[in-house]
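Enquirer: structure of the sequence below:
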Amino acid sequence: MGRNSAAMIIAFDDSAEIIQGFTGDPRVLRNAIDTIEPTDRPTKLDDAYRLADAQAAFDPNLGMGSRTIPPDVWLYSDGRAKDAASASVHGNFHYEQVGTETANNIAVVAMNARRNYEQPAQVQVFARLANFGPEPVKDVQVQLTIDGSVQSAGSVNLLPSATPTTSAARRLPRGSSRRTASNFPHWS
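Expert: Numbering: from 1, shown residues only. Next comes the predicted model:
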């Protein structure tokens, strides 16, 4: 970012949100980026692009539609947006791919730990995984680590899934897997 430049940060999944408005302070921008959390939601670009267009068109000193120089728009993404072919943004567009085209898109979408009622010194850990990629994934290695020590390990096969449910009371989405690890008497 050059001297007398300003940038803003927009985070998006299937909706978009301004994380940091225009500022020329690189430290503030880095801190804003550090607050962005991954989600289990699908990626859509249209809302983010419309938000970027609206913000870029406004100069607080002159009003709406006053910018004459097109802005630089940087997109950092794995490129797996549902509307990538149809979404557009005004400006000098730069795309930085995160990951590879062939990378599996697997996520831990839920995790819960419960004490075993019959054996209170034991804790059961439940994890729900989802495959957001287009192809089945076989032999995904998973492990439960506590304080740097592997407590349980195994592998799962994951079919492509639709948007996962977020409530633990609902059925697991097709293609997700639940792993149970128990018999950890040192947990309290």
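Enquirer: okay, and the beta partners of R128?
Expert: A110, R178 (DSSP bridges).
Enquirer: wait, doesn't it sit right on M111?
Expert: Yes: contact criterion Cβ atoms under 8 Å: R128 and M111 qualify, at 7.4 Å. Where C-beta positions appear, they are placed from N, C-alpha and C, glycine not excepted.
Enquirer: so between those two, which is more surrounded?
Expert: R128 (21 against 13; other Cβ atoms under 10 Å).
Enquirer: distance of the more buried one relative to P26?
Expert: Going from R128 to P26 by Cβ to Cβ, to the nearest Å gives 38 Å.
Enquirer: kindly report the same for M1.
Expert: With distances taken as Cβ to Cβ, M1 is found 6 Å from P26.
Enquirer: residues near the residue nearest to A87 when sequence neighbours are not counted, how many?
Expert: Take A87 and drop its neighbours on the chain: the residue closest to it by Cβ to Cβ, 6 or more residues apart in numbering is L45, 3.9 Å away. L45 has 21 neighbours, counted by other Cβ under 10 Å.
Enquirer: give me the phi and psi for L45.
Expert: Main-chain torsions, L45, degrees, to the nearest 10: phi -90, psi -30.
Enquirer: remind me, longest helix of this structure?
Expert: helix 46-56 (DSSP state H).
Enquirer: now do the strands in this protein.
Expert: Ranges of strands within the chain are 7-12, 16-23, 58-59, 63-64, 72-77, 92-97, 106-115, 123-131, 137-146, 149-158, 177-181, based on DSSP state E.
Enquirer: give me the contact list for the first one.
Expert: Just to be clear, that refers to strand 7-12. 1, 16-24, 29, 32-33, 36, 43-45, 47-48, 51-52, 55 (Cβ atoms under 8 Å, 6 or more residues apart in numbering).
Enquirer: buried ones among the residues you listed?
Expert: 16, 18-20, 22, 29, 32, 43-45, 47-48, 51-52 (16 or more other Cβ atoms under 10 Å).
Enquirer: low-confidence stretches in this protein?
Expert: 59-68, 101, 162-188 (pLDDT under 70).
Enquirer: care to break it down by domain?
Expert: Listed by automatic domain parsing, the domain ranges of the chain are 7-97, 106-181.
Enquirer: ok, now which ones touch the most centrally placed residue in the chain?
Expert: For the chain, P38 is the residue whose C-alpha lies nearest the centre (Cα atoms, centre = their mean; 2.6 Å). Taking Cβ under 8 Å, 6+ apart, we find P38 in contact with A107.
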